[in-house]
Each structure stands twice: as C-alpha cells, then as structure tokens.
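> I would like to see how this sequence folds:
(2 chains)
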Amino acid sequence: MDARTHDSYVERAMWPIGRGDRKFWFSVVVLSALVAAGLYAYVYQVQRGLWVTGLNQKVSWGFYIINCVFFIGISYGGAMTSAILRLTNAKWRAPLTRIAEATAVAALLVGAIYPIIDLGRPDRFLYVIQYAQVGSPIVWDLVAISTYMLASLVFLYLPLIPDLATTRDTMRPSFLRRIYGALALGWRGTIGQERTLQRGIAVMAVLIIPLAVSVHSVLAWLFAVTVRGGWHSTIFAPLFVLAAMLSGVAAVIIVVAVFRKVYGLQQFITRKHFRYLSYLLIALGMGYLYFMVSEYLTEGYVLDADTTPVLEAIFIGAYAPAFWSFTIGGLLFPLALAALPGRFLIGRVCFASGLVIAGMWLKRFLIVVPGMAEPMMPWDWGRYAPTWVEVTITVGTAAAIPLILILFFRFFPVMSVHEMEEVEGAPEPRHAALVPSYASGGDE
Amino acid sequence: MAGQMSRRQLLGTLGGLGTGVLAAGFVPIAFAEAEAAETGPKRQWAMVIDLRKCDGCKACTKACQETHHLPESFEWIKVFEVHDKQGGSFFMPRPCFQCENAPCLKVCPVAATFKTNDGVVLVDQDRCIGCRMCMAACPYGARYFNYGDPPIASNPFQRPTPEFPVPQQKGTVGKCMFCVHRSANGELPACVDACGMKAIWIGDLVEDVATNGDETVRLSTFIKENDAFRYKEELGTGPRVYYIAGHGQLLDY
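The predicted model follows:
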C-alpha cells in the first residue's frame, strides 16, 4: 500500500468521527423512535404481566426465547469472523475486523436482554446469582453469556487502543480528546507495547472461539436437556453453534455493505471481500444443511412416539409453510445465489445474506414453537401467536443494533487503521511528515 | 429386570462411589448422611387413579380450583378424554406426578422447586423468578404459569406458603402438590374428597396404605393386583402416580 492510499484509508476510517450530517441524524431519530416504541411495550408488559403476550400454558416460550437465541447467534458470527480471520492471518481482514467485532458486541447487548424480558418476575433476576443452582441450564446461560460479553468487549477494545491514540493525536485539545487519551491507555506504539498488544489480541482471538461455542451450546442445552420431542437431541449444541455462525456471517456481510456504502469505503472494502465472505457463508450454510439432514434423517427414520408429531407438524402440518420457506428460501436458494459467478456479486451476496438471516430466525421459531406446542399429554396441541407487545419489543431491539453501531462509529474509527498498517506494512518514509505523530513515537 | 441394571441402580452406585470419595475427605458430611438414613422419611405420598371408574365429570378439577382459588384455565388436576387405538375412549385425570427424579426440579435456576421429605415436589413462589424452564422440562405438562393476576384468597390474611400457595403469585409457576396442607390436618386431598366415583386414591409408600375416602387398601397389593402402570415410566422420572387401566384399554396407546 503506497502512502497516498494509506492516508486516504486513515481519512476514510476516521471520516465518520464527530460527523453529524442529515443522513446520520435521520437514521438516529428513526432508530431511536423504534427503540423507544420497544421500551414502551416492555414497560407496558412489566406493568400488566406476561398475559399481554401470546404465551400461554402450553406454549410458554415464544418470541423472547427465539430472539435471545437469534441475536446472540448473530453476535457469535461477528466475533467468530474476526477471530478466524485473525488466527488464519488473512491479510484482507484489515478493513472488516472492526465492523465485525462491533456487530458482535451490539447484537450481544441486545440478545442478552431477552432472558430478562422473558422473566415473569424480572425484579427477582438477581436471585439467579443469589440462589444459583449449578444444575440448571439457566445458570449455565448466565455464566456463559456474561463471560462471553466481557470477552467480546475486550476483543473489541484491544485492537481499538492504537486507533484511539491516533484519534487522540489528530484532535485539538478538548475534553473529548482527554477521554480518548484515557481510553488509549498511553499508547505510543513502542515495540514493547506493540508486542503486548499483539499477544493480548492473539489470546483473545483464541479465547473468543471456545467462549462463543460455549454460549451457543448452553443455549441449545436449554432445549436439549428436556424430554420434549424435537428438542431432546444430541446434535442440538453443534447445530446451534453452526446456525449462529451462519446467521452471524450473514449479518456481518450486510453491516459491512451498509457502512461501506454510507461511509464511502468502496476503495478498501472491495468485491474481493464480499467474494471471500460469501465463501464463508456458503461453507457454513452447507455445514448447517448437513447437520439438519443428519438430525431429521435419524429422527424421521426411527419415528419415536415423542418426535413423530413434531416432525409431522414441521414437514407437512401447520408449520410446513414456515419450514419449507426456510429450507428453500432461507438456505438453498440464497446459498446458490451467493455461489453463482457473474455480475452484481455484492448485491447478490447481500440479498442472500438477508434471506439467510430471515431464514435463521424462522428456524429458531421452528425449534421453539412446535417443540412447545406439542402436548406433553399427547392429546391437545398448543397454539401461539405473538401480540403487538412481542412484535414491538422485537422490532425495537432489532433497531437497537444499527443504532448502537451508528453511534459507536461516530466516535471510533470504522476501519482498523493500526491493523491495516500491520498487515500492509508502514507507508514509505518519504511521507513520514504526513504520518500522525504516534507513529514516530511523539506523545501528546 | 433380572440381570439388567436400571438407571436408578446405576445412578445409585455412582452416587455411592461419590459419597465414598466425599466421606474420605469430609467425615462430618458422611455422619450427617448416615443420621438422615436412620431416621428415614415418615411418609412417601403416592396416588392411584382408577381409570375404570373415572367418568370424566371433572369434579376433582373443580374442587382443586376451589381449594386453591385458581382460575378456570388452571387445571392442576386435568381430565383428558383419551381415544385409544381401538376406537374406544376413556378419561384420564392428570395431577402432578411428584416424580422421584423430577426434571422440573433439576432445571430450576434458583431452587424455587424443591422436594419435601414426604416425597412431594413443591414450588416456593416467593423464590420463583418465572423463567418457565420447569414448564419446558415437565414431561407431563403439569405446571401452570400465572400470566395474569390470580384470584385473591377468600381469607385476606392468608399468606401463601409452598404447602398452601394461596393466593397464587403473579409471574410465578404453580402446580398440584397433593394438597399437603390438608393431609397435615388428616384430611384427604380435595380431588380425592370430591371424586364421586371414588376413582382417586391417596396413599403412602412407607406405611403401604391407600384410601379413596371409602375404603382403605394395602397399596403395594392394590397396585400389583390391578396391574397399575405409571405414565411414561420409561422416561425414568419415577412418577408417584399409578394408573389402573380402564376396561378394554390398551396399555400401549
């Protein structure tokens, strides 16, 4: 990378910081309104009780549990994309890792709220810590999700430190600059600091993978440890992990595409990036398809008394439209769309990702609801239809993710400058004067 | 069962090994366990429901709801009409089965569900956080969640206890608990008392007796002679409710 490209990369990465154009305010206002509507619906629910939802005595888990699994899954994909690209030392990762890591945190913050939204007595939430029973999957969830949240915050923060110093050094002295300075932890880019940072990032990249796997496994065990037909399956944990990666990579593709367009990053995030990401998407999609076939084939071949009614409902019964929409429209078709060679690659891959995300939400619905609706005393099926409260909360929390990302990138570089320099090497020395002072070791 | 090790035996053996290891390190714990074993439980409540007699009148459900001030949708003892494969039908009341190895108890994150020494599974609604994991785990659909405001108790000073959870608390889970508040006073559970067909028997596995309010029988003989079965026994939950199959009813449906 020559010096001019380097400078324009830095310029583009820093461009959104502090910028508040009309597009920015418009999206912030619209998204905040949606989040506010979701908040209103939650307050409404807390004041009245869970009867305002579509949940009932038979189907006692619904949208909230689906959304919990869904959003945490998206988070996992973001973290995993970044970690895998770092560990395999993929050079093309530089402009993507920041967006992927931020998406991971934003989706996790949203997903982690859902278990609380679902509680009948949210005021007693801390009982889960106070009276924790280690045998309960709910406690496993709490431990796994909070550990993973801490890790994903650190995973976002560590690579951000040098960029915080860059931001600090390009600013005029002000209160904000002092905050950047504090967050940058006195980063000057010395060899010792660099070595420590690289070691930290490498450790986190290794750690985040088993942590994310554990989160999704315990979420799966929430279902798999019960005796319900369609839930009590040994493949559930790996199936959930793969589903999470698949939906997460799809989400990263869309988020990257949007920020690329809005923040004008086309020069750095190119067709090549989308091609590589689409490979990841296709590979994960094929893996998921394989797991799914393995699950349904073994269950459908044996057809035991508990599983048969659920399989019937999913394949040919009341839930068949949702199931086949997912299988064809949310998995097979988008994978083919992303795999095809030819024109409009970025548009195609984004459209495919959108379908995959919608499909993965449907799949979680197909896991939670028919599994619940199948009566345990096998004579009367349950029904479930969400109310406006559940729908509004779902929309509000979904809007919170782009809102968090937009606000985050208003304060922090959208692409990792330091990482680019590390991957591409420092710019040629003739432009030393243009390089920000941190590179030459100057403090303040 | 000869030559075959049941799951409980296996678990028992493993547990015994574990206790041995524990005892080596923590002698006081081992002493405490031995002491408990000597005293033993006074009662182990069980129920027998005679499907030959049940006519599906739901008097049990109504009596239960009256006793516990429950709304109509709360059928802690629920009467199902079952159509068997031969085209016949029979009625099957389902209380909580008070499983020995209760799945609902294992999954509770805050130990709001617990088991008494008398073998009854209770819910402490002061502790319950309303996550409904137990409802997902119960293989019999015996648990009910208070989505809305429960009806208030007739006695305004009534404080709910796990033994007599009246009034129910909003946002928590409730279920049948064999009316332990009544048996403590020597009364029959409300459903047993209300059953006009005398189809429901409450019994004690320790004393080996059961009664439906009219007759008293030796529980083990009664179960054996009538070929009583336990619903979904193969799950290994160890239900404490025995069914005597109805006339012409296939055991496998």
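
> if I read this right, A:Tyr180 contacts A:Asp163, doesn't it?
No: contact criterion C-beta atoms under 8 Å: A:Tyr180 and A:Asp163 do not qualify, at 9.6 Å. The way it works is simple: take the backbone N, C-alpha and C, and place the C-beta from them, glycine included.

> Out of those two, name the residue with the larger neighbour count.
Per other C-beta atoms under 10 Å in any protein chain shown, whichever of A:Tyr180 and A:Asp163 has more neighbours is A:Asp163, with 24 against 21.

> Contacts only, for A:Ile17.
For A:Ile17, the contacting residues are A:167, A:409-413, taking C-beta atoms under 8 Å, 6 or more residues apart in numbering or on different chains as the criterion.

> mind checking how far it is from A:Arg177?
If you measure A:Ile17 against A:Arg177 using C-beta to C-beta, to the nearest Å, the figure is 12 Å.

> Which of the contacts of A:Ile17 are buried, as a PyMOL select command?
The following PyMOL line selects those of the contacts of A:Ile17 that are buried, judged by 16 or more other C-beta atoms under 10 Å in any protein chain shown:
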select buried, chain A and resi 167+409+412+413
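
> Name the helix or strand for the nearest residue to A:Ala212 once chain neighbours are set aside, please.
Excluding the flanking residues, the one nearest A:Ala212 by C-beta to C-beta, 6 or more residues apart in numbering or on different chains is A:Tyr76, at 4.5 Å. When elements are assigned from DSSP states H and E, A:Tyr76 belongs to helix A:63-87.

> residue contacts, A:Ala244?
In this structure, A:Ala244 makes contact with A:72-74, A:76-77, A:212, A:216, judged by C-beta under 8 Å, 6+ apart.

> Can you classify it by secondary structure?
Secondary structure state of A:Ala244, per DSSP: H, G, I helix; E, B strand; the rest coil, is helix.

> Report the contact partners of B:Glu66.
Contacts here follow C-beta under 8 Å, 6+ apart; on that basis B:Glu66 touches B:Ala190.

> if we can go back for a sec, now the residue nearest to A:Ala212: how far from A:Met204?
A:Tyr76 is 15 Å from A:Met204, where distance means C-beta to C-beta.

> Please identify which of those two sits among more neighbours.
For A:Tyr76 versus A:Met204, neighbours defined as other C-beta under 10 Å are more numerous around A:Tyr76 (33 against 24).

> isn't that one right next to A:Ala243, touching?
No: judged on C-beta under 8 Å, A:Tyr76 makes no contact with A:Ala243 at a distance of 9.3 Å.

> so B:Cys57, which of the three states?
The assignment at B:Cys57 comes out as coil when based on three-state DSSP.

> Read off the pLDDT value for it.
Reading off the confidence values, B:Cys57 has pLDDT 94.

> likewise the one 5 residues further on?
The confidence metric pLDDT takes the value 96 at B:Lys62.

> Okay, and it sits in which element?
Under the criterion DSSP H and E, the helix or strand holding B:Lys62 is helix B:59-68.

> same check, this time on B:Phe97
No secondary structure element spans B:Phe97, as it lies outside all helices and strands (assigned by DSSP H and E).

> residues touching the residue of chain B found nearest chain A, list them.
Ranking the residues of chain B by distance to chain A (C-beta to the nearest C-beta) places B:Gly130 first, at 2.0 Å. B:Gly130 sits next to A:50, A:119-121, A:124, B:145, B:171-173 when contact means C-beta under 8 Å, 6+ apart.

> hmm, back to that, common neighbours of A:Tyr76 and A:Ala243, please.
Overlap of the contact sets of A:Tyr76 and A:Ala243 (by C-beta under 8 Å, 6+ apart) consists of A:His216.

> related to what we said a few turns ago, which ones among the contacts of A:Ile17 map onto helices?
If you go by DSSP state H, the contacts of A:Ile17 have A:167, A:409-411 in helices.

> Can you tell me which of those has the lowest confidence score?
Ranked by pLDDT, those bottom out at A:Thr167, which has 85.

> And for it, nearest residue in space, chain neighbours not counted?
Here the residue nearest A:Thr167, using C-beta to C-beta, 6+ apart, is A:Tyr180, at 5.0 Å.

> Likewise for B:Thr116?
B:Leu122 (6.1 Å).

> other SSEs contacting whatever helix or strand that neighbour lives in?
Following DSSP H and E, one finds B:Leu122 within strand B:121-123. Packing partners of strand B:121-123 (3 or more C-beta pairs under 8 Å, 6 or more residues apart in numbering or on different chains; DSSP states H and E): strand B:113-115.

> ok, the strand it packs on near chain A or not?
No: counting by C-beta under 8 Å from any C-beta of the partner chain, no contacts exist between strand B:113-115 and chain A, the nearest distance being 9.6 Å.

> what's the spacing between the most centrally placed residue in chain A and A:Ile65?
With distances taken as C-alpha atoms, centre = their mean, chain A has A:Ser75 as the residue nearest its mean C-alpha position (2.3 Å). According to C-beta to C-beta, A:Ser75 stands 16 Å off from A:Ile65.

> B:Ala136 now?
Look at B:Ala136 and A:Ile65: by C-beta to C-beta, they are 9 Å apart.

> returning to what we had before: report the angle between the axes of the helix or strand that the helix holding A:Tyr76 is followed by and helix A:63-87?
In the C-terminal direction, the helix or strand that comes right after helix A:63-87 (DSSP H and E) is helix A:97-118. Interaxial angle, helix A:97-118 versus helix A:63-87 (axes from the mean of the first three to the mean of the last three C-alpha atoms, to 10 degrees): 160 degrees.

> what about the chain, any weak spots by pLDDT?
Chain wasn't specified; assuming chain A. Counting by pLDDT under 70, the low-confidence segments of chain A come to A:1, A:426-444.

> Sorry, I should have been clearer: chain B.
Across chain B, the ranges flagged by pLDDT under 70 are B:1-40, B:247-253.

> how about the residues of it that lie near chain A?
Chain B has residues B:73-74, B:78, B:80-82, B:92, B:94, B:103, B:106-111, B:127-133, B:135-141, B:144-149, B:170-173, B:235 near chain A, with proximity defined as C-beta under 8 Å from any C-beta.

> hang on, the earlier thing: of the contacts of B:Gly130, which is the most crowded?
With neighbours set by other C-beta under 10 Å, the maximum within the contacts of B:Gly130 is found at B:Val173, which has 28 neighbours.
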